[in-house]
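Visitor: Whatever this is, show me its structure:
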Amino acid sequence: MNNKLNSILEEKKHNYQEPAIKIDKKEFIKLVKSRRSVRVFSDEDVNSNDIKQCLELSLLAPTSSNLQCWEFYWVKNKSKKEKLKEFCLNQSAAKTAKELIVCVARIDTWKTNRNKIISINNQSGISVKYYKKIVPIVYTQGLFGIVGLLKKILIFFIGIFKVIPREPTSKSDMRVWAHKTTALACQNLMLSIRAYGYDTCPMEGMDSKRIKKMLNLGNGAEINMVISVGKRANNGVYGKRFRLNSDNFIKII
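Guide: The predicted structure is shown next:
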C-alpha cells in the first residue's frame, strides 16, 4: 500500500506554476494581533455582503485531500437565531451578536465530495487517479469500523519496517481529521471578518445536541464552534491579551 501511495503521489508533479504574491507583513501582523474574542457587540449593523465574502474566504483554508469536510450555517431566521442564542447559553457574545454562524465538521461527506471532484476533473490526470484509488483506501472505515481496524493492524506490521501514514483508522481518527480541517476554515473566517472591520467570538460553550436538532443534522455532523459576529462595543474585550511565555510552546530541536 505504501509503495502504491508513493508512486501515485510522485505522479502529482506537474508544470502548473502560481507565483507567490507580495504581502505587506506589517498589515498581516496588525490583523492577527487585532483579532480578539469580543464578548460584547455594539448595535451597529453588519453588511451582509461582507459576511458572504468572508464565508467564501473561509473555504480557501487548507483541507486534507481537498475533501472539504466542513459546513457553515449562517443563521438568519429570527426565531432560529433566538433559539441559537439560548443554545449558546445566552452568553453575552451570543446575545449581543448581529450575526451567528454555526461551524460544522462532517465525517460523512467525504465520499460525496470525492465523487464531485472526480466528475469535475474526470480525465486521465493524477488527481482523478488519486481520488479513485487512494482516497477510498485512506478514509473508508467500514461497518462498525471493521475496515479501519484491519487497516490499523496492517499498518502496525508494515510500520515496523517502513515509514507509513498511520491515520485515519477509526471513527475517532475521522473526527479529529474533520475538526482539524474545519478549525482551519474557522480561523480563516475570523481573520477575514476582522479584515472587513468587524469582530468575532468563537464559542464552544453551547448545547451542541439542540443545535444539531435545530439544523436537522445527522450523526455524521458535529458542531465545531459557533462564531458570533458584530462591531465591537467599547467594553467588548474583557481584558488585555494574555499568553504564557512562548518558550512553553515553541520547541526548536
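
Visitor: and the gap between the nearest residue to Asn122 once chain neighbours are set aside and Gln68?
Guide: Counting by C-beta to C-beta, 6 or more residues apart in numbering, Asn122 lies nearest to Val128, which is 6.2 Å off, once chain neighbours are set aside. The C-beta positions use only the backbone N, C-alpha and C, and glycine is treated the same way. Relative to Gln68, Val128 is positioned 17 Å away (C-beta to C-beta, to the nearest Å).

Visitor: For the chain, which segments are assigned as helices?
Guide: 2-10, 25-34, 48-58, 78-87, 92-95, 110-120, 126-129, 135-139, 146-159, 171-195, 208-215 (DSSP state H).

Visitor: Using JSON lines, lay out the ones you listed together with distance to Lys240 and mean pLDDT.
Guide: JSON lines is the format used below for the helices of the chain (distance: least, C-beta to C-beta, whole Å; pLDDT from 0 to 100):
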{"stretch": "helix 2-10", "distance to Lys240": "46", "mean pLDDT": "57"}
{"stretch": "helix 25-34", "distance to Lys240": "12", "mean pLDDT": "98"}
{"stretch": "helix 48-58", "distance to Lys240": "26", "mean pLDDT": "98"}
{"stretch": "helix 78-87", "distance to Lys240": "27", "mean pLDDT": "98"}
{"stretch": "helix 92-95", "distance to Lys240": "18", "mean pLDDT": "98"}
{"stretch": "helix 110-120", "distance to Lys240": "42", "mean pLDDT": "95"}
{"stretch": "helix 126-129", "distance to Lys240": "47", "mean pLDDT": "80"}
{"stretch": "helix 135-139", "distance to Lys240": "43", "mean pLDDT": "96"}
{"stretch": "helix 146-159", "distance to Lys240": "46", "mean pLDDT": "97"}
{"stretch": "helix 171-195", "distance to Lys240": "18", "mean pLDDT": "98"}
{"stretch": "helix 208-215", "distance to Lys240": "31", "mean pLDDT": "98"}
